[in-house]
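1. sequence-free structure coming up:
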């Protein structure tokens, strides 16, 4: 399955979660629900995946955590904020670069319409 096929399933699942729960809950609630919805659709999802980083010749086991890692190919960064800021997209891009992943989805469940809360972030992915 390609990154784009996975992303389509994740976006559909995010839409379902947003329809049922609406905006305004904590990010952790959306993470649990989205993980459940994506798994229902047959995909492998890992939550809160620790990613090591190397700095100054030292490897740190837990540099950051990925909210959702789907099929080992798509990183999903979740927010529940009034407005996504440029730093959120930069954060997602850094995550996909450091994990050598080609596609990330930044999903803001705080948006009144979920379609306005989804951003694709790519790292060398052919469309």
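-> Now that the structure is in, tell me what you want to look at. Bear in mind the structure is a predicted one, so any value in this text is a computation, not a measurement.

2. Do I have it right that residue 84 meets residue 105?
-> No: in this structure, residue 84 is not within contact of residue 105 by Cβ atoms under 8 Å, at 12.0 Å. From N, CA and C alone the C-beta is placed, and that goes for glycine too.

3. the more surrounded of the two?
-> residue 105 (24 against 19; other Cβ atoms under 10 Å).

4. ok, for that one, nearest residue in space, not its chain neighbours?
-> residue 76 (4.9 Å; Cβ to Cβ, 6 or more residues apart in numbering).

5. Quick check: neighbours shared by residue 84 and residue 105?
-> Counting by Cβ atoms under 8 Å, 6 or more residues apart in numbering, the common neighbours of residue 84 and residue 105 are residue 119.

6. which strand is the longest one in the protein?
-> When the chain is parsed with DSSP state E, its longest strand is strand 58-70.

7. Just want the angle from the very next helix or strand once past it to strand 58-70.
-> Next in sequence after strand 58-70, counting helices and strands by DSSP states H and E, comes strand 74-79. Our comparison of strand 74-79 with strand 58-70, counting by axes from the mean of the first three to the mean of the last three Cα atoms, to 10 degrees, yields an angle of 90 degrees.
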